[in-house]
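1. Any chance you can model this:
(2 chains)
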Amino acid sequence: DAGVIQSPRHEVTEMGQEVTLRCKPISGHDYLFWYRQTMMRGLELLIYFNNNVPIDDSGMPEDRFSAKMPNASFSTLKIQPSEPRDSAVYFCASAGYGRSEAFFGQGTRLTVV
Amino acid sequence: SQQGEEDPQALSIQEGENATMNCSYKTSINNLQWYRQNSGRGLVHLILIRSNEREKHSGRLRVTLDTSKKSSSLLITASRAADTASYFCATSLTDSWGKLQFGAGTQVVVTP
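-> Numbering: from 1, shown residues only, chains lettered A, B, ... in the order given. Predicted structure coming up:
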């Protein structure tokens, strides 16, 4: 398996634009997580899914953020409209039930100017 | 807010020395995990210890867990320059297994 695949690796966008981050989890994994990492706030759990269903989105900062998982092999995190304070590295991770170990993608570095 | 807090925030040692870092958490956990992050990369899982375990080893890594104190420690023995990275503890909660939350991390620098 190629591991968790995120795209794009880097994204630079202007304030007010819509940004969509994509994630392909490891095949067979039941859990998918979206994290945001910044120097100031560290690694924040934004939302996680179990069997494609959002379980806890309490970490999503604002209504500008939304996440979907239309099927077991794909998830998106959308920011609309984007703001400079959204600049961060966004990680997607997946895990199989009962194993607990999470596998991370390489992250998407988002810069909003 | 973060579930786990690592201590120290940064650690600088020489090759061959041992590195110890600690993690404290707030609520009951199902398990506690340690991850490593090299600069600019994703996190990599190192070791998992369950709430009913007290100590676990994996190669040069030793993890302890004290649930009465809500704390864990990670020991890296005979450190190498390649161990230079940030180390994070993560907790999986008893009542919310899937909610994996990370601490602020310990930045370790190993000099040759």
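
2. who does B:I13 bridge with?
-> Assessed by DSSP bridges, B:I13 has beta-bridge partners B:V110.

3. Against B:S73, how distant is it?
-> According to Cβ to Cβ, to the nearest Å, B:I13 stands 15 Å off from B:S73. The C-beta positions use only the backbone N, C-alpha and C, and glycine is treated the same way.

4. Quick one: neighbours of the residue in chain A positioned nearest to chain B, just the number.
-> Chain B sits closest to A:F104 of chain A, with a gap of 3.6 Å, by Cβ to the nearest Cβ. Neighbour count for A:F104, taken as other Cβ atoms under 10 Å in any protein chain shown: 21.

5. which one is it nearest to, not counting chain neighbours?
-> Distances taken as Cβ to Cβ, 6 or more residues apart in numbering or on different chains place B:G42 nearest to A:F104, at 3.6 Å, with adjacent residues excluded.

6. Run a quick neighbour tally on the closest residue to chain A within chain B.
-> Residue of chain B nearest chain A, by Cβ to the nearest Cβ: B:G42 (3.6 Å). B:G42: 21 surrounding residues under other Cβ under 10 Å.

7. shouldn't it be in contact with A:V89?
-> No. Applying Cβ atoms under 8 Å as the test, B:G42 and A:V89 come out as separate, 9.2 Å apart.

8. Touching both of those two, which residues are there?
-> Here B:G42 and A:V89 have A:G107 as joint contacts, going by Cβ atoms under 8 Å, 6 or more residues apart in numbering or on different chains.

9. Direction included, what does the helix or strand hosting B:Y35 pair against?
-> Following DSSP states H and E, one finds B:Y35 within strand B:29-37. When pairing is defined by DSSP bridges, strand B:29-37 lines up against strand B:43-50 (antiparallel), strand B:85-93 (antiparallel).
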